[in-house]
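Colleague: sequence plus the predicted model coming up.
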Amino acid sequence: MIKDVQIEILYCGVCHSDLHTARNEWHNTIYPVVPGHEIVGRVTQVGGEVTTFQPGDLAGVGCLVDSCGTCPDCREGLEQYCPTFTLTYNSPDPQTGTMTYGGYSSRIVVDERFVLRVSDTLHLPAVAPLLCAGITTYSPLRQWQVGPGQKVGVVGLGGLGHMGVKLAHAMGAHVVMFTTSPGKTADAHRLGADEVVISKNPDEMKRHLASFDFILNTVAAPHNLDVYLELLKRDGTMCLVGAPEDPHPAPNVFNLIFKRRRLAGSLIGGIRETQEMLDFCAEHGIVSDIEIIPIQKINEAYERMLRSDVKYRFVIDMASLKAGTAGNG
Ligand code: NAP
Ligand code: ZN
């Protein structure tokens, strides 16, 4: 179509949402499904009315490929809250009547409004995870105005969590990493954490009671939220971005009302804010820490993700598609 941009996909990050969807853990998967919403590549063709991209440009695509453009959320640049948005995969496409298919593929065609500009100064495969893990952590950190003088927690050192630590550190906050994996302590410091807390150790947790301005919780599994709510100051907020298959146990209401604490959620980010995040990362030299895999290793990557054994995002090299099925894992 005349506003479409065709992109040859070079790299695609592997988000835990891909795993949730591939295994129908959210009970909404329509098979066949092609996951992948951390896409970077090169523009190969553009429609006649495309003004912002031309063949040869680097480009990125995240979790969204369309929205109504007229509702209050879209008008505010918050397309992720549009009631009729179209996700990059496993979403009915109002333009064609078929389902959308994501980035574990050689190419994708997307309306130019949903194509992001990618810096050529950063390591391209390591930029891919910014399109979901980056914006999903950047958006709440900005919404809650994280910055110097604030004590900020990030829970879970995976794909989202490692971006959360890097970004909160770059925004100037005092960052505390909460992890269940003692072996990740040195990495957490290297990524920008000022302190690291092993969340399974109640004594370590108690040292931080009622001291946090903001906590970003990225954990992909149900867990006890109270142990984190207790760590918030009066009026502090914990924002959940993890989306586990089963619900978290309901928190103790006294942990909320006694200090007017808030429990919130946040979904990815709008297109304008995603571009802002990409520009922020280019300016600060921030990319994801990645392990590049061929597409044939995707099931192994999912299993390692479930064991919290990812450092800290798998990225598929799409050149492996041409390599055939050798080494299928
Ligand atoms: P990930 O790379 O697998 O990281 C999740 C991390 O959570 C793990 O590395 C682990 O860190 C921790 N964890 C896992 N199981 C745990 C458990 N039982 N108890 C405590 N901690 C546990 O996943 P991701 O790609 O970052 O995604 C995280 C979640 O966010 C997923 O549910 C995904 O679907 C969701 N998500 C939401 C949005 C949104 O817009 N809100 C966008 C993208 C993804 P430690 O080893 O450090 O404990
Ligand atoms: Zn994602």
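Modeller: Cool, got the structure. Numbers count the residues shown, from 1 in each chain. Ligands and ions are numbered 1, 2, ... in the order given.
Colleague: what residues does this structure put near ligand 2?
Modeller: Residues of the chain that fall close to ligand 2, judged by CB under 5 Å from the ion: Cys15, Ser17, Cys132. Where you see a C-beta, it was placed from the backbone N, CA and C, and this is true even at glycine.
Colleague: now list the buried members of those.
Modeller: Cys15, Ser17, Cys132 (16 or more other CB atoms under 10 Å).
Colleague: can you give me the strands for the stretch 151-300 of the chain?
Modeller: Taking DSSP state E, counting those that start in this stretch as the criterion, the stretch 151-300 of the chain carries its strands at 151-155, 174-179, 195-198, 212-217, 232-240, 262-265, 290-294.
Colleague: which elements pack onto the first one?
Modeller: Judged by 3 or more CB pairs under 8 Å, 6 or more residues apart in numbering; DSSP states H and E, strand 151-155 is in contact with helix 159-170, strand 174-179, strand 212-217.
Colleague: so what's the residue count around the residue of the stretch 1-150 of the chain found nearest ligand 1?
Modeller: Ligand 1 sits closest to His16 of the stretch 1-150 of the chain, with a gap of 3.2 Å, by CB to the nearest ligand atom. His16 sits with 26 neighbouring residues when counted by other CB atoms under 10 Å.
Colleague: and if you look at His284?
Modeller: 13.
Colleague: now the closest residue in space to it that isn't next to it in sequence: how far from ligand 2?
Modeller: Leaving aside its sequence neighbours, His284 sits nearest to Ala170 (CB to CB, 6 or more residues apart in numbering; 4.8 Å). From Ala170 across to ligand 2, the span is 21 Å (CB to the ion, to the nearest Å).
Colleague: which ones are touching Ala170?
Modeller: The neighbourhood of Ala170, defined by CB atoms under 8 Å, 6 or more residues apart in numbering, consists of Gly192, Phe280, His284, Ile286.
Colleague: can you give me the domain assignment for this structure?
Modeller: Residue ranges for each domain of the chain read 4-131+289-323, 133-265, as given by automatic domain parsing.
Colleague: those: which one's closest to Glu276?
Modeller: Smallest distance to Glu276 across the domains of the chain (CB to CB): 7.9 Å, for domain 133-265.
Colleague: so how far is that closest one off the chain centroid?
Modeller: From the chain centre to the centre of domain 133-265 is a distance of 15 Å (CA atoms, centre = their mean, to the nearest Å).
Colleague: briefly note if it comes near ligand 1.
Modeller: Yes - contact between domain 133-265 and ligand 1 is present through 136, 156-161, 179-181, 184, 218-221, 223, 241-244 (criterion: CB under 6 Å from any ligand atom).
Colleague: buried only: go through those residues for me.
Modeller: Neighbour-count burial (16+ other CB under 10 Å) is assigned, among the residues of domain 133-265 next to ligand 1, to 136, 156-161, 179-181, 184, 218-220, 223, 241-242, 244.
Colleague: just the closest residue of the protein to ligand 1, please.
Modeller: Closest to ligand 1 within the chain is Gly158: 1.8 Å, counting by CB to the nearest ligand atom.
Colleague: surely that residue meets Val310?
Modeller: Yes - the criterion here is CB atoms under 8 Å, and Gly158 meets it with Val310 at 6.0 Å.
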